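J.: Provided below for reference: sequence and predicted model.
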Amino acid sequence: MTKQTFKKVPLRLCVGCGEMKPKKEMIRVVLTPEGEIVLDVTGKKNGRGAYVCKSPECLKAAHKNKGLNRSLKTNISEEIFSVLEKEMDTLG
């Protein structure tokens, strides 16, 4: 009898809707050591990260419920949120 190995799928919590989803289905928002807030499509950038579903609604919800502010432990301005929304639109 051969032993089957199952790979665990890493799950992450969306700071917008609060759902646990596979990491690959989400976008990471990163607070870099330089203090910039950017979308991290690769999931490998240095810095403090928070995950959001790939929908603009979840990003809006994360803004409304201050989920990103809490996760990244910083205040995020309206301008940065609008830049993040535009970046997310370009990702499709």
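T.: Received the coordinates, thanks. Residues are numbered from 1 along each chain as shown.

J.: Give me the buried positions along the helix of greatest length in the chain.
T.: Under DSSP state H, the helix in the chain containing the largest number of residues is helix 78-91. Neighbour-count burial for helix 78-91, counted by 16 or more other CB atoms under 10 Å, picks out Ile80, Phe81, Leu84, Met88. In short, each C-beta sits where N, CA and C put it, glycine included.

J.: Now do the contacts for the second one.
T.: When you say that, I think you mean Phe81. Leu59, His63 (CB atoms under 8 Å, 6 or more residues apart in numbering).

J.: and if we set it to 7 Å?
T.: For Phe81, the contact set (CB atoms under 7 Å, 6 or more residues apart in numbering) comprises His63.

J.: could you check the distance from Tyr51 over to Glu25?
T.: Using CB to CB, to the nearest Å, Tyr51 is found at 9 Å from Glu25.

J.: These two: who's more crowded?
T.: Tyr51 (24 against 13; other CB atoms under 10 Å).

J.: isn't that one right next to Arg12, touching?
T.: Yes. At 4.1 Å, Tyr51 counts as touching Arg12 under the criterion of CB atoms under 7 Å.
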